[in-house]
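Visitor: sharing a model that was predicted from the sequence below.
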Amino acid sequence: MHLFGRDMASQALQVASIDLQRLLRTAGRNALVDLAVQESGKRKDTSYKVMVRDIQHNPVTREVLHVDLYRVLLTERMEVEVPVVLVGIAPAVDRNQGTLVQSARAIHVEGLPGTLPSVVEVDISGLEEAHQAIHAKDIALPAGTSLASDPDLVIANVVPRRGISEAEEAEAVAEAAGAPTAAGQAAEEEPGRA
């Protein structure tokens with residue numbers, strides 16, 4: 001494990017495996033952690049406020065190989081990557097008008113360490129039609145934070161189903177809404193046709 005940060009040299013640290021596992025389970029991404037470092041020759045531990053910056057796993061066993069901790073200053077704004085989680089149901093997908101595609105799995109957010117979210121939830125229930133999208137600028141962020149990603153970054157959108165024309169898509173929407181469809185109107189206009 002390494003500890004690094006502004007105005008300090010990188011320090012290699014050793015920690016008991018069980019303590020490291022507990023830290024990684026309880027401290028979410030971008031969560032502030034109090035770290036006490038026992039330095040040789042000193043009676044008192046040195047305390048730091050840190051965030052987990054990077055975790056390296058064994059690709060086969062998924063065992064944690066290395067962790068980087070970043071020392072933060074509570075009065076200094078910083079930029080972090082925050083995972084995006086989609087919540088809700090997109091009506092356009094529910095009506096089978098298209099497929100939901102999550103284009104971005106994370107955004108960059110700037111703020112003081114104590115205000116940074118560990119995850120951002122994005123409500124997709126406003127995606128009523130195919131071709132609609134939610135952009136990074138549409139995401140409500142916690143007070144004291146601001147978007148650092150491109151505001152026009154597409155987070156999620158509804159892609160029309162392949163193999164159907166726009167007319168067929170419009171007919172499917174009309175059917176779902178209970179409106180008469182073109183095929184239904186043609187049958188009504190030709191009484192001999194069934």
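Guide: That came through fine. Predicted model only: the values in this text are computed from it and were never measured.

Visitor: quick one, phi psi at A143?
Guide: phi -60, psi 140 (degrees, to the nearest 10).

Visitor: mind pulling the model confidence for the residue nearest to it when sequence neighbours are not counted?
Guide: Spatial nearest neighbour of A143, chain neighbours left out: T115 (7.1 Å); criterion: Cβ to Cβ, 6 or more residues apart in numbering. Every residue, glycine included, has its C-beta placed from N, CA and C. At T115, the model reports a pLDDT of 92.

Visitor: show me what contacts T115?
Guide: By Cβ atoms under 8 Å, 6 or more residues apart in numbering, the contact set of T115 is 142-145.

Visitor: also D54?
Guide: 66-68.

Visitor: repeat that for 7 Å
Guide: D68 (Cβ atoms under 7 Å, 6 or more residues apart in numbering).

Visitor: same check, this time on I155
Guide: 84, 103-104, 122, 134-136, 139.

Visitor: give me the number of residues near the closest residue to S103 other than its chain neighbours?
Guide: Here the nearest residue to S103 in space, its sequence neighbours aside, is V154; by Cβ to Cβ, 6+ apart that works out to 4.5 Å. Residues within reach of V154, counting by other Cβ atoms under 10 Å, total 14.

Visitor: tell me the contacts of V154?
Guide: For V154, the contact set (Cβ under 7 Å, 6+ apart) comprises 103-104, 133, 135.

Visitor: among those residues, name the buried ones.
Guide: 104, 135 (16 or more other Cβ atoms under 10 Å).

Visitor: please flag which of the contacts of V154 sit within strands.
Guide: Among the contacts of V154, the ones falling in strands (DSSP state E) are 133, 135.

Visitor: pick out the residue nearest the middle of the protein.
Guide: V84 (1.0 Å; Cα atoms, centre = their mean).

Visitor: grab the nearest non-local neighbour of that one.
Guide: Distances taken as Cβ to Cβ, 6+ apart place V120 nearest to V84, at 5.3 Å, with adjacent residues excluded.

Visitor: direction included, what does the longest strand along the chain pair against?
Guide: Determined from DSSP E, the single longest strand within the chain is strand 46-57. Strand pairing for strand 46-57, determined by DSSP bridges: strand 33-37 (antiparallel), strand 64-71 (antiparallel).

Visitor: touching the last one from outside, list them.
Guide: The list of residues contacting strand 64-71 from outside it, by Cβ under 7 Å, 6+ apart, reads 1-5, 8, 20, 24, 35, 48, 50-58.

Visitor: A helix includes R62, no?
Guide: No. Secondary structure assignment (DSSP: H, G, I helix; E, B strand; the rest coil) places R62 in coil, not in a helix.

Visitor: what count of nearby residues applies to it?
Guide: 8.

Visitor: quick one: it from A140, how far?
Guide: Separation of R62 from A140 (Cβ to Cβ, to the nearest Å): 34 Å.

Visitor: same check, this time on H57
Guide: In terms of Cβ to Cβ, H57 sits 32 Å off from A140.
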